[in-house]
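Asks: no letters, just coordinates:
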Ligand SMILES: [Zn+2]
């Protein structure tokens, strides 16, 4: 979430907001608003990844034209760090990408997806909840999971606990 400030670029929900690749992304409706997603290419062609050299070219062009280039607005102070590849050093954001992203999506498919899918186990929610309630996590885990039919109220740490401590139960 803080990357756009030192990078001087768009944030995650803007066009070209991904700090890993050069996909523009598309906006899709979600609940009462919309979100930006980065779908795979239809033809299976590889996605172009950001590089330090490409970032430098985009930055110079953005400064010269005063227009955003691939999500880059202009100069970044990071260029003074000689020998530091700040593009490679920028890793995917764990809390939103992993815990609230992939983990949450996976549990939704298991428990709230389509009943016709072979992985659907939404009819076993009471059994899963009972087993989760009986798990005694190690003391390092400050927040255990909640009920799987209440995923919308889970915090990121609860998804982390589910996948790294209690799954598979
Ligand atoms: Zn990307």
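Replies: Happy to help now that I have it. Computed from a predicted model, the values in this text were never measured in an experiment.
Asks: how about stretch 68-87 and the ion, touching?
Replies: No - judged by CB under 5 Å from the ion, stretch 68-87 makes no contact with the ion; its nearest approach is 10.6 Å. C-beta: built from backbone N, CA, C; applies to glycine.
Asks: please point out which parts of that stretch sit buried.
Replies: Within stretch 68-87, the residues scored as buried using 16 or more other CB atoms under 10 Å are 68-74, 76, 78, 86-87.
Asks: now swap in stretch 107-115 and tell me
Replies: 107, 110-111, 113.
Asks: from these, which shows the smallest pLDDT?
Replies: Within the buried residues of stretch 107-115, the minimum per-residue pLDDT falls on residue 113 (87).
Asks: tell me which two of the buried residues of stretch 68-87 sit farthest apart.
Replies: Spanning the widest gap among those are 68 and 86, at 18.5 Å by CB to CB.
Asks: tell me the one of the buried residues of stretch 107-115 nearest residue 91?
Replies: Of those, the one sitting nearest to residue 91 (CB to CB) turns out to be residue 107, at 23.6 Å.
Asks: ok, now which ones touch that closest one?
Replies: With contact set as CB atoms under 8 Å, 6 or more residues apart in numbering, residue 107 has these partners: 148, 151, 159, 162.
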